[in-house]
Structures are given as C-alpha cells and as structure tokens.
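>>> Next come a sequence and a model predicted from it.
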Amino acid sequence: MVYSGDQDDVIPFTGTRTLVYKLEKLLGLKTTVPYRPWFEGKQFGGWTQVYGDILSFATIRGASYIAPASQPKRSMALFRQF
C-alpha cells in the first residue's frame, strides 16, 4: 500500500498518485477497485484505488507529512481496513 496525507505539503498526494499511476503502467496492472472513498466508521477517511492484487493507493483525510502522527486514529483505521 502506498498512502499519503491529503494535507501533506512536503510530498503532495497528487505527486504520490502520479508515482502510483506510473507503477501501474510499468507493472502492467489494471484497476481492480476504482477510485472511491473509504470510511472510518461513518466518517469519510479519504480516497483509495486498487491495482491488481499487489498495489493500492490511499489518502488519509486531514493528515500531513507524517500521517500516523497527525491523524493516528484515521491512519490505524486505514491500516486495519486494507
């Protein structure tokens, strides 16, 4: 899993998403789960997309550069779900 905080000003999630897209093409993967929201209980947690069975990308809403430090509860929910 590759993840990024949506408030990260060091490596913006758009840059991380571009990297994942290039990996998808390089590895010849197909999208198996389209870009969609994920939730922590009833609260929006971020966005996710899955490529094949080896690569997934997710954002963590409200998280900065060190996501587990800025959004520990939401980060743990992400790791448990995926």
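Nice, thanks for sending it over. Keep in mind that what you see is a predicted model, and the values were worked out from it rather than measured. Numbering: from 1, shown residues only.

>>> Would you quantify the distance from the residue located most distally from the centre of the chain to residue 54?
Using CA atoms, centre = their mean, the residue of the chain lying farthest from its centre is residue 28. It sits 19.8 Å away. Remark: distance between residue 28 and residue 54 (CB to CB, to the nearest Å) = 11 Å. C-beta coordinates here come from the backbone N, C-alpha and C atoms, glycine included.

>>> Now residue 10. Its backbone dihedrals?
Phi and psi for residue 10, reported as degrees, to the nearest 10, are phi -90, psi -50.

>>> again but with residue 34, I slipped
Dihedral angles (degrees, to the nearest 10) for residue 34: phi -70, psi 160.

>>> In contact with it, which residues?
Neighbouring residues of residue 34 by CB atoms under 8 Å, 6 or more residues apart in numbering: residue 49.

>>> again, but for residue 49
The contact partners of residue 49, by CB under 8 Å, 6+ apart, come to 20, 31, 33-36, 56-58.

>>> Take these and keep only those in strands.
Per DSSP state E, strands hold the following members of the contacts of residue 49: 31, 33-36, 56-58.

>>> quick one on the thing from earlier: for the contacts of residue 49, work out which two are farthest apart.
Spanning the widest gap among the contacts of residue 49 are 20 and 36, at 14.9 Å by CB to CB.

>>> Settle it for me: which of those two has more neighbours?
residue 20 (20 against 9; other CB atoms under 10 Å).
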